[in-house]
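Q: Pasting the sequence and the predicted model now:
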Amino acid sequence: MSHVFDSAQALLAAEGIDLGHTEWLTIDQPRIDLFAEATGDHQWIHVDPERAAQGPFGACIAHGYLTLSLVNLFLPQLLTIDNLAMGVNYGSDRVRFPAPVRVGARVRGRGQILRAEQLADNVQLVVRVSVEIEGESRPGCVIDTISRYTFNPVTE
């Protein structure tokens, strides 16, 4: 369920809230293979199921950057920003990969608004997104995203 914000004031007041989680997404080998093709990273732990079965993870694992890229899929499921003139991805504070995401695993995004601050005409929002792995105690990825939002003027 997406939390909806339609003004700078609403975003600023949301600091600290838990955004909940998204639906589960299964990480299958075709998704991993497509990511390998797109990035040129064909390391055997990602794309060779027979060799990976004998490796340290017991199966192929998703690329860390594939897991990270899912944050772009999960963020709009966690929060919706309406009445925008413009929104931009400003960067991130931290990215970590605490646990491998094995092929066949189900993952979901969990979000929390860490900080919201007014910067001139923009609101800078820091959202921590954890890519949770079903049945695992540690997430596959944790990132503190930074976005900047400019709202349309309020008309009376």
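A: Looks like it arrived, so ask away. Residues are numbered from 1 along each chain as shown.
Q: roughly how far apart are the most centrally placed residue in the chain and Cys141?
A: For the chain, the residue nearest the mean C-alpha position is Val71 (1.8 Å; C-alpha atoms, centre = their mean). Taking C-beta to C-beta, to the nearest Å as the measure, Val71 falls 7 Å from Cys141. Heads up, the C-betas are built off the backbone N, CA and C, glycines and all.
Q: Gly20 too?
A: Here the criterion is C-beta to C-beta. By it, Gly20 lies 18 Å from Cys141.
Q: can you check Arg115 too?
A: Arg115 is 20 Å from Cys141, by C-beta to C-beta.
Q: the more surrounded of the two?
A: Comparing Arg115 with Cys141 by other C-beta atoms under 10 Å, the one with more neighbours is Cys141, at 26 against 14.
Q: Looking at strand pairing, list the partners for that one.
A: On the basis of DSSP bridges, Cys141 is bridged to Val131.
Q: thinking it is in contact with Arg94, fair?
A: No - applying C-beta atoms under 8 Å, one finds Cys141 not in contact with Arg94, separated by 10.7 Å.
Q: okay, now Val95: neighbour count?
A: 15.
Q: leaving aside the residues next to it on the chain, what's closest to it?
A: Distances taken as C-beta to C-beta, 6 or more residues apart in numbering put Ile143 closest to Val95, at 4.7 Å, once the chain neighbours are dropped.
Q: Is it correct that the one you found is in contact with Ser92?
A: Yes - between Ile143 and Ser92 there is a contact at 5.3 Å, judged by C-beta under 8 Å.
Q: Settle it for me: which of the two has more neighbours?
A: Comparing Ile143 with Ser92 by neighbour count (other C-beta under 10 Å), the higher total belongs to Ile143, at 21 against 17.
Q: Provide a list of residues in contact with that one.
A: Contacts of Ile143 were listed using C-beta atoms under 8 Å, 6 or more residues apart in numbering, and they are Leu68, Val71, Ser92, Arg94, Val95, Arg96, Arg128, Val129.
Q: For it, pull up the helix or strand it's in.
A: strand 141-151 (DSSP states H and E).
Q: So, low pLDDT: which residues of this protein?
A: 1, 156 (pLDDT under 70).
Q: Longest helix in the chain, please.
A: Using DSSP state H, we find that the single longest helix of the chain is helix 29-39.
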